[in-house]
Structure formats: structure tokens, C-alpha cells
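# structure here, sequence nowhere to be found:
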């Protein structure tokens, strides 16, 4: 089994590519990324406020289960952005070396397609098996729910 486990979720948004990308950069993880099942939500953020706007920016995420993780904006692209999460505490520290994630916005005839992808690097074979189970049974629904909340924010007049 590979030590890389991936997950991708997409949603059609009734907004332009530019508006959707800007909203994804400005998203408030505390209101969008909520706990679901075994996956903790973001309780608070420290070290940075406002929208992601420059490569290399970092912030610390405090999670609803008491754990923390460090997030860094890796790249801004015309269609979205990429970020990295590492230095997990709590249960994920035993499973995940790092996670690389991306928001990508693609124009559609009406609105845009927002895709959120994650690639987890597990800490070994057993960790990969457990992480694969968590992604399949919990993480995909967690991402879908967060994207629904983000869509509601983007489409709000």
C-alpha cells in the first residue's frame, strides 16, 4: 500500500471563477471547516488574519479535539491555491507526516466548478491503512459538507 492517500471533492457554484477563487482564498476555516464524525473542525486560528494573499504565509489551526496543525500557503495560481498542513498534534500526529491540499476553480457555462483536493503522506504502512479507512469512511463526507457551506457563502448576495 502506498503511503500517499488522496481525496477530492467538487461542487458547482453559481458565481464567476474570479469571485469563487477570491472567496476560497478568504474563507473562514472556523465557520466552514466544522467537525464531522471522527474528523475535527477548526476551532480557532492564530498567527494570521484575513485572506491568504502571499506565498509562504503561515497560520496555526486549533482543532475542536484539542489538537493543532500548522498551515502554509505554498502557491497562488490564476485558478486557485495550494497549501500544506504539517506538525500535527493529537491523533493525526501518529498517522500523518503532512497533507498537501489545493483549491482549484474552473469556469463553467454557468458559474464555476470548485474542487478541493487533499494528498496525505502517511507515517508508514499501518498508518496508511488506518488513514485510508478514515479518508474513505469520514474525510470525503467532511469535505463535501465544508464545500456546501463555502458554496452558500459564495452565493450569498
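Sure, I can see it. What you are looking at is a predicted structure, and each value in this text was computed from that prediction instead of being measured.

# how about residues contacting stretch 11-20?
23, 79, 105-108, 110-114, 144, 147-148, 150-151, 154-155 (C-beta atoms under 8 Å, 6 or more residues apart in numbering). Where C-beta positions appear, they are placed from N, C-alpha and C, glycine not excepted.

# can we see that at 10 Å?
21-24, 78-80, 103, 105-108, 110-116, 143-144, 146-148, 150-156 (C-beta atoms under 10 Å, 6 or more residues apart in numbering).

# how about the host helix or strand of residue 19: buried residues?
Using DSSP states H and E, residue 19 maps to helix 17-26. By 16 or more other C-beta atoms under 10 Å, the buried positions in helix 17-26 come out as 17, 19, 20, 21, 23, 24, 25.

# checking the closest residue to the fourth one other than its chain neighbours next. Helix, strand or coil?
Spatially, and ignoring its direct neighbours in sequence, residue 21 is nearest to residue 105 (4.7 Å; C-beta to C-beta, 6 or more residues apart in numbering). With DSSP: H, G, I helix; E, B strand; the rest coil as the basis, residue 105 sits in strand.

# which parts of this protein are strands?
Counting by DSSP state E, one finds strands in the chain at the ranges 4-13, 42-46, 58-63, 68-77, 80-86, 96-107, 112-122.

# so how far is the helix holding residue 19 off the chain centroid?
14 Å (C-alpha atoms, centre = their mean, to the nearest Å).

# pLDDT on it, on average?
Average pLDDT, helix 17-26: 90.

# what about this structure, any weak spots by pLDDT?
1-2 (pLDDT under 70).

# longest helix of it?
helix 140-155 (DSSP state H).
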